[in-house]
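K.L.:
Coordinates only, no sequence provided:
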Ligand code: NAP
Ligand code: GCO
């Protein structure tokens, strides 16, 4: 009888993680490589791609990276064609690349709105569209989309991001619906609040060392009373990339310390003395 752990192996698979020059993407890339996949990544910036390649190498991981803006369909087509020439069909795509702009909606320019939608929603469309034909030809594949608490909830100043992440939830379900017949599974990872460069401004202490009010707010809304760490998302990324999840499709799996199940407590009641201090995940290259 086969050992159940074999179903979590990614040996012989080629995986593409978009936006893995730092942050959660770097954790996903590390995890899939450790699970046996040949991993490739992209980001929009040459210097950060090079820095990340060196960081992966220092971890003993030979991960290929190149500049590719997920919003540029020609860029993406060229990247995918190069990867297919070098490593064969892309079996696993993690649509991780994403940005956020925290601006009150009525003050947000159309350009700022469009950029967030382009990266966070159109980018996954472009990248998925580029890899699905190869997956169909090969007999199947895995697409994992970086959803969010904002796929379910709104909050002030993140209108474009929430609209994109809500749309990404439905794109996930639609790829499942349209391509499940070709043995392609498309699911979403829904992180809660995780310590990365993207959320660093929300945790930054005041000049007097005081706790960021948003930090206190998130901890009061999270049963774990802490922010997540990128490493804590590695297992779910491997699971959704592996044969172990072949009968899971169209699902958004939330990995959020319980925030989506909890009405929260009065931030004023939080016993700050008991709280874990957050530091950036050490596999992150903090953006210059
Ligand atoms: P991050 O620290 O800002 O990292 C974003 C990554 O995306 C970087 O590698 C960045 O690289 C890349 N990127 C940005 N624009 C790109 C583009 N146009 N083309 C290619 N790559 C691009 O964000 P994160 O916190 O790791 O989050 C990763 C994903 O998870 C995002 O989609 C985010 O919305 C989602 N998420 C995060 C959290 C959280 O709490 N952190 C929670 C839920 C969901 P360059 O700057 O070098 O291009
Ligand atoms: C924000 C945060 C969130 C997180 C994440 C939560 O400004 O509220 O950046 O959007 O990044 O998406 O799941």
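P.N.:
Structure's in. What do you need? Note that the structure is predicted; figures quoted are calculated from it, not measured. Ligands and ions are numbered 1, 2, ... in the order given.

K.L.:
what about the longest helix in the chain?
P.N.:
Assignment by DSSP state H gives helix 159-179 as the longest helix of the chain.

K.L.:
and that helix with ligand 1, contact?
P.N.:
No. Using Cβ under 6 Å from any ligand atom, no contact is recorded between helix 159-179 and ligand 1, whose separation bottoms out at 6.7 Å. Where C-beta positions appear, they are placed from N, C-alpha and C, glycine not excepted.

K.L.:
again, but for stretch 96-107
P.N.:
Yes. On the criterion Cβ under 6 Å from any ligand atom, stretch 96-107 is in touch with ligand 1 at 96, 97, 98, 99.

K.L.:
what about the first one, how many neighbours?
P.N.:
When you say that, I think you mean residue 96. Residues near residue 96, counting by other Cβ atoms under 10 Å, number 27.

K.L.:
mind listing what it touches?
P.N.:
The neighbours of residue 96, taking Cβ atoms under 8 Å, 6 or more residues apart in numbering as the test, are 17, 18, 19, 20, 24, 25, 28, 146.

K.L.:
Of the residues you listed, which is the nearest to ligand 2?
P.N.:
residue 146 (8.6 Å; Cβ to the nearest ligand atom).

K.L.:
show me the contacts for the closest one.
P.N.:
Residue 146 makes contact with 24, 94, 95, 96, 97, 98, 168, 188, 189, 191, according to Cβ under 8 Å, 6+ apart.

K.L.:
right, and residue 102 touches residue 160 too?
P.N.:
No. Counting by Cβ atoms under 8 Å, residue 102 stays clear of residue 160, with 9.8 Å between them.

K.L.:
Settle it for me: which of those two has more neighbours?
P.N.:
Applying other Cβ under 10 Å to residue 102 and residue 160 shows that residue 160 carries more neighbours, namely 25 against 15.

K.L.:
need the residues of the stretch 151-288 of the chain near ligand 2, please.
P.N.:
Residues of the stretch 151-288 of the chain found near ligand 2 (Cβ under 6 Å from any ligand atom) are 155, 158, 161, 191, 192, 193, 198, 199, 202.

K.L.:
which ones among the residues you listed are found in helices?
P.N.:
Counting by DSSP H, these place 161, 202 in helices.

K.L.:
Now pLDDT too, for the residues of the stretch 151-288 of the chain next to ligand 2, in a markdown table please.
P.N.:
Below are those laid out as a markdown table (pLDDT from 0 to 100):
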| residue | pLDDT |
| --- | --- |
| 155 | 97 |
| 158 | 98 |
| 161 | 98 |
| 191 | 98 |
| 192 | 98 |
| 193 | 98 |
| 198 | 96 |
| 199 | 97 |
| 202 | 96 |
